[in-house]
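Participant: A structural model of the following input is requested.
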Amino acid sequence: MVVKNRLAFTMIELIFAIVIIAITVVSMPMMTQVTSSGASKNLELQEAIYKAIVLTKTTIGENTFTTVDSIATVARTDISEFEGLLNYKYNQTYTLQVDANATFNGETSVNIKKITTNIYNADAELLTSFSAYKFNY
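Facilitator: All right, here's what the predicted structure looks like:
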C-alpha cells in the first residue's frame, strides 16, 4: 500500500467550491430583496396600526359625544387634519364607522357607541382595524 502526500486540491474539489460560491453570489440579490420587502411591509403595518389608534381616539374626543353622533360611515384619504399623522411614507385610506346601540360586556344601550377605524393600503386591502367604545352616561 502506497500512501501519497496530497499537496493540492483535486479538480473535482475545485469545481465543487466554484459551484458553491456561484450559487451564493447568484442568490444574494434575491435574499436581500426578500429581506427588505418584509421590512417594508412591517413598517407599513406599524404605520397603519398607529394611524388607526390616533384616528379613533381623535374621533371619540375627550368628553364630547356629538362628534361620534355625526359619523355614520366616513371614507377618507386626507389625514392632514390630524396632528401626529403627517409625513408618513405610505398612502393609506381609512374608514370611520359608528355603530349605535352597540353591545359592551353583554349590555346593549343607546348610550353605547362603537367606533371602528379601518386602514387600507394602496391596493384597497385591509391592513388593520381598531375599535373603541364611547359611553354617554
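Participant: Tell me the spacing between the nearest residue to Asn136 once chain neighbours are set aside and Val98.
Facilitator: Nearest-residue entry for Asn136: Asn111, 4.4 Å, with adjacent residues in sequence omitted and distances by C-beta to C-beta, 6 or more residues apart in numbering. C-beta coordinates here come from the backbone N, C-alpha and C atoms, glycine included. For Asn111, the distance to Val98 equals 13 Å [C-beta to C-beta, to the nearest Å].
Participant: More neighbours: which of those two?
Facilitator: Val98 (20 against 15; other C-beta atoms under 10 Å).
Participant: Tell me which helix or strand the more buried one sits in.
Facilitator: strand 93-99 (DSSP states H and E).
Participant: Okay, buried residues for that strand please.
Facilitator: Counting neighbours by 16 or more other C-beta atoms under 10 Å, one finds that the buried residues in strand 93-99 are 94-98.
Participant: what packs against it?
Facilitator: Packing partners of strand 93-99 (3 or more C-beta pairs under 8 Å, 6 or more residues apart in numbering; DSSP states H and E): helix 11-60, strand 73-76, strand 112-120.
Participant: Could you export the helix or strand just after the last one as PDB, CA atoms only?
Facilitator: The C-terminal neighbour of strand 112-120 among helices and strands, as given by DSSP H and E, is strand 126-135. Output of strand 126-135 as PDB, limited to C-alpha atoms (Å, rounded to 0.1, in the frame of the first residue of the first chain):
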ATOM      1  CA  LEU A 126     -57.400  45.900   4.900                       C
ATOM      2  CA  LEU A 127     -54.200  46.400   6.900                       C
ATOM      3  CA  THR A 128     -55.700  46.800  10.400                       C
ATOM      4  CA  SER A 129     -58.800  47.700  12.200                       C
ATOM      5  CA  PHE A 130     -59.200  49.400  15.600                       C
ATOM      6  CA  SER A 131     -62.400  49.700  17.600                       C
ATOM      7  CA  ALA A 132     -63.200  51.700  20.700                       C
ATOM      8  CA  TYR A 133     -66.400  52.300  22.700                       C
ATOM      9  CA  LYS A 134     -67.900  55.600  23.700                       C
ATOM     10  CA  PHE A 135     -70.300  55.800  26.600                       C
END
